[in-house]
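K.L.:
Okay, sequence plus prediction incoming.
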Amino acid sequence: MEYSSSAGAWWMALTSAILVCGVVGCGPPPPPESRITIMQLEAPLTMDPADHTASLTMDVLDPMYECLVRFDQNLDVVPSLATKWSVDASGTKWTIELRKGVRFHDDTPFDAQAVVDSLP
């Protein structure tokens with residue numbers, strides 16, 4: 001079977017176009033997804049991490065918020081954003097050392113004022 005030069009050129013162009021589309025994806029990538037879908041038995045009761053006790057609410061909020069301290073697998077209190085802490089003899093004055101170099105999602109620094117502002 002013989003191919004004419006125009007048919008060969010057409011097949012070469014088609015093959016090249018398919019190859020290029022496969023390599024570059026035929027267009028720009030889709031925009032990144034800007035939402036998270038979480039499926040649970042009930043909706044979170046609040047989005048305030050300091051105002052909840054429901055387990056399902058905690059499951060949603062825990063990946064989004066970091067606390068000064070957290071519980072480890074043995075339920076011992078361990079450092080998180082607070083690296084160490086002490087309390088005076090009266091039990092009313094706490095001194096908390098904060099982890100350095102932490103920034104919020106909007107690039108605001110995490111500092112003592114941010115902790116004070118977050119207290120209820």
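P.N.:
All right, it came through fine.
K.L.:
Give me the most central residue, the chain.
P.N.:
In the chain, the residue lying closest to the centroid (Cα atoms, centre = their mean) is Met64, at 6.5 Å.
K.L.:
for Met58, helix, strand, or coil?
P.N.:
Here Met58 takes the helix state, with states given by DSSP: H, G, I helix; E, B strand; the rest coil.
K.L.:
Tell me how many other residues crowd the residue lying closest to it once chain neighbours are set aside.
P.N.:
Spatial nearest neighbour of Met58, excluding adjacent residues (Cβ to Cβ, 6 or more residues apart in numbering): His52 at 6.5 Å. In short, each C-beta sits where N, CA and C put it, glycine included. His52 has 16 neighbours, counted by other Cβ atoms under 10 Å.
K.L.:
what's the spacing between His52 and Glu33?
P.N.:
His52 is 26 Å from Glu33, where distance means Cβ to Cβ, to the nearest Å.
K.L.:
For Val116, see how far away Pro79 is.
P.N.:
According to Cβ to Cβ, Pro79 stands 19 Å off from Val116.
K.L.:
In terms of packing, which of the two has more residues around it?
P.N.:
Neighbour count, other Cβ under 10 Å: between Pro79 and Val116, Pro79 has more, with 14 against 8.
K.L.:
and that one, what is it in contact with?
P.N.:
Val69, Arg99 (Cβ atoms under 8 Å, 6 or more residues apart in numbering).
K.L.:
Next: the one 3 residues further on.
P.N.:
The contact partners of Ala82, taken as Cβ under 8 Å, 6+ apart, are Leu68, Val69, Ile96, Glu97, Leu98, Arg99.
K.L.:
Compute the number of surrounding residues for the residue lying closest to Ala50 once chain neighbours are set aside.
P.N.:
Take Ala50 and drop its neighbours on the chain: the residue closest to it by Cβ to Cβ, 6+ apart is Pro120, 5.6 Å away. When neighbours are defined as other Cβ under 10 Å, Pro120 has 5 of them.
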